[in-house]
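*Asks:* 3D, please:
(chains A and B)
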Amino acid sequence: MGHPDMRMCCVLACDAGFFHQLLACIGTIEAARPALAGIDLDIAVVAIDLTEPQIATLKDKGVIIHDRLSEFPRFSGAPKHAYALTCRPFMPEFLPGYDGYLWVDSDIRFLHLDGLRYYAEALRVESASVILVQETEPCYTFNRDPKVARFFHATLAGRLASVYGEEVAEYCRYFTPFNAGLFAARASSPIWARYRRNLHKALRVPYDNMLEQDALNVAIHETGGHVRAPSPLNWLCSLAFPTRRSDGAWCSPENWAQPILVAHLTNSTSPVANAHGKATYYDLYRQAGLTA
Amino acid sequence: MQLMEKAGAPGMTASSKFYDYVSPGLKTIRLGDYFPNLIAGDPSGCPWPHLRRDLPHIWYCDRRAGGLGVLNRDEAHILYNTALRFVGAEALEIGCSMGWAACHMAAGGVSLDMVDPLLGTEWVRRSIMESLTAAGVMDRVRLHAAPSPEGLDALGSAGKRWSLMLIDGNHDFPQPMRDAVACERWAATSAAIVLHHVNAPTVSEGVYFLRDRGWKIRIYQTAQIMAVAWRGAVEPIDHVPDPAVALAIPEHLRAAA
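*Replies:* Here you go, the predicted structure:
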């Protein structure tokens, strides 16, 4: 293998209670690392009150730790784990020196080498402002159920109006947003400046855990140049539970020919009823084998 | 010294309560004779919500498109005097405004690319070419019938870089921001980007974007407010707002002023 021609940093965040998810996520990144030809990959974690043993575990793995949370803005009344949202627009500032960054929610699992490789290779496209998945998959609940869709878009438009005004809200009202849980952007991208400014605007309204995603979405409209990755590169599992084929590959429940490369174990802590009584989505994900 | 004068082109009319203002210290030029359809319009008839209407400065528009306002005399002189600092340089205008702004830029000595889909409309293109030809600057101007930022990207991808740019195209979200992003993408190392209608919040976001990307910013307190962003070996012109008018800085511009 030749010398690396790109430096990339995967950035994650978590608090002590989510640490098991963080480790599982990092495990899938490490498993996919061999697919990255010519790319020097670092992994960094924004540590939100992690314990000493947890920090030591990460350091043993060569993970870069960033725990200066006061560098990031904070929503009034937000739980401390919301730093995992507000740190995102600042990646090139608190982790300088990389050509590109990949934000990875801790509930992401790279199921296939090509999942990580896609984002890494897309970072080579100089004109790409950001690379991410739009939540347009037809089998997602808010796409297949009119009542859920109505609520989803009305709520989104209301949030946008409260932060950015009616003109922006109307522009976006019928547009399905991009998911901010997994995105890549070059250090030089114009997206960062707008993402930061929009996040600061959002800090003026009461906390909602979707405000940060809205900030990125408005920034995407403003800067253009985004690369829309297909749904299997960030599959929102709580909106359409993946199905496993006989060959072991995870795929869309409505399309067995569509393998899922990256699973996003969304709403992990939300309760869900199953045959065994009350459980969480994360229990279902584990039982199904989507995560360790 | 404040320059008070009547509108300077055939067809221009204005009631006595309106006047032209040009900042002291600016070199003046009169190009109105080359724009026979430029008139002093009634801003109360313009539906655009962000237009500052309660000002005594003459609001100019094209008689064939009454809602299409253009730079007033003060604003045109900011552009002209800025262009004088870029003689011989490559310049860009987004939004054709019937050639009024382009004429002032070209008269300042720049080589100008105009980008606007309206340039594909025959009578608009012909009218602009007639005005620029009459003013003797047509040989320095190229008309591109294309939307922005796509038109810029096409030229930029072919190697074009601009030292002076004017953003005065579509003011609806998110267009001014996209224009600002494209202008920065294809800007020369030393460059200035002038924005008109910064009184509109959507346009002012372009100013904040450039500031956040490291450009220096200056706000010009004109009727519709202009701004210049610059980097490198560029010295923006000075401007004195009309002392007879109380021009407040809108809330959305406070952080940039």
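
*Asks:* Would you list the phi and psi of the closest residue to chain B within the stretch 51-200 of chain A?
*Replies:* Closest residue of the stretch 51-200 of chain A to chain B, C-beta to the nearest C-beta: A:Ala193 (4.0 Å). From N, CA and C alone the C-beta is placed, and that goes for glycine too. Main-chain torsions, A:Ala193, degrees, to the nearest 10: phi -60, psi -40.

*Asks:* so it makes contact with B:Gly206?
*Replies:* No: contact criterion C-beta atoms under 8 Å: A:Ala193 and B:Gly206 do not qualify, at 11.3 Å.

*Asks:* Between these two, which has more neighbouring residues?
*Replies:* More crowded of A:Ala193 and B:Gly206, by other C-beta atoms under 10 Å in any protein chain shown: B:Gly206, with 27 against 22.

*Asks:* mind checking which helix or strand A:Glu170 is in?
*Replies:* Secondary structure assignment for A:Glu170, by DSSP states H and E: helix A:166-172.

*Asks:* any idea how far the residue nearest the centre of chain A is from A:Leu12?
*Replies:* For chain A, the residue nearest the mean C-alpha position is A:Gly181 (1.3 Å; C-alpha atoms, centre = their mean). In this view, A:Gly181 and A:Leu12 are 11 Å apart by C-beta to C-beta, to the nearest Å.

*Asks:* do the same with A:Cys139
*Replies:* In terms of C-beta to C-beta, A:Cys139 sits 27 Å off from A:Leu12.

*Asks:* Specify which residue of these two has the higher count of neighbours.
*Replies:* A:Leu12 (24 against 14).

*Asks:* Could you tell me which residues of the stretch 1-150 of chain B lie near chain A?
*Replies:* Contact residues (C-beta under 8 Å from any C-beta of the partner chain) of the stretch 1-150 of chain B with chain A: B:Pro149.

*Asks:* hang on, A:Val125 packs against A:Val227?
*Replies:* Yes: look at A:Val125 against A:Val227 with C-beta under 8 Å: they come within range, at 6.6 Å.

*Asks:* joint contacts of these two?
*Replies:* A:Ile131 (C-beta atoms under 8 Å, 6 or more residues apart in numbering or on different chains).

*Asks:* In PDB, could you pull the C-alpha coordinates for stretch B:109-124?
*Replies:* The C-alpha coordinates for stretch B:109-124 follow below in PDB (Å, rounded to 0.1, in the frame of the first residue of the first chain):
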ATOM      1  CA  GLY B 109     -12.700  49.900 -16.200                       C
ATOM      2  CA  VAL B 110     -13.300  46.200 -15.300                       C
ATOM      3  CA  SER B 111     -13.800  43.400 -17.800                       C
ATOM      4  CA  LEU B 112     -17.300  42.100 -16.800                       C
ATOM      5  CA  ASP B 113     -19.200  38.900 -17.000                       C
ATOM      6  CA  MET B 114     -23.000  39.300 -16.500                       C
ATOM      7  CA  VAL B 115     -24.900  36.200 -15.300                       C
ATOM      8  CA  ASP B 116     -28.700  36.200 -15.300                       C
ATOM      9  CA  PRO B 117     -31.300  33.900 -17.000                       C
ATOM     10  CA  LEU B 118     -33.100  37.100 -18.000                       C
ATOM     11  CA  LEU B 119     -30.400  37.700 -20.500                       C
ATOM     12  CA  GLY B 120     -32.000  34.900 -22.500                       C
ATOM     13  CA  THR B 121     -35.000  37.100 -23.000                       C
ATOM     14  CA  GLU B 122     -34.600  38.800 -26.400                       C
ATOM     15  CA  TRP B 123     -35.900  42.300 -25.600                       C
ATOM     16  CA  VAL B 124     -34.000  42.400 -22.300                       C
END
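
*Asks:* Same question for it: list its buried residues.
*Replies:* Of the residues in stretch B:109-124, B:Gly109, B:Val110, B:Ser111, B:Leu112, B:Asp113, B:Met114, B:Val115, B:Asp116, B:Pro117, B:Leu118, B:Leu119, B:Val124 count as buried by neighbour count, 16 or more other C-beta atoms under 10 Å in any protein chain shown.

*Asks:* Just after the helix or strand harbouring A:Ala44, pick out the following helix or strand.
*Replies:* For A:Ala44, the host element (DSSP H and E) is strand A:39-48. Going down the chain from strand A:39-48, the next helix or strand is helix A:52-60, by DSSP H and E.

*Asks:* looking only at pLDDT, what's the mean for that following helix?
*Replies:* For helix A:52-60, mean pLDDT is 98.

*Asks:* who does that helix touch, helix- and strand-wise?
*Replies:* strand A:39-48, strand A:64-66 (3 or more C-beta pairs under 8 Å, 6 or more residues apart in numbering or on different chains; DSSP states H and E).
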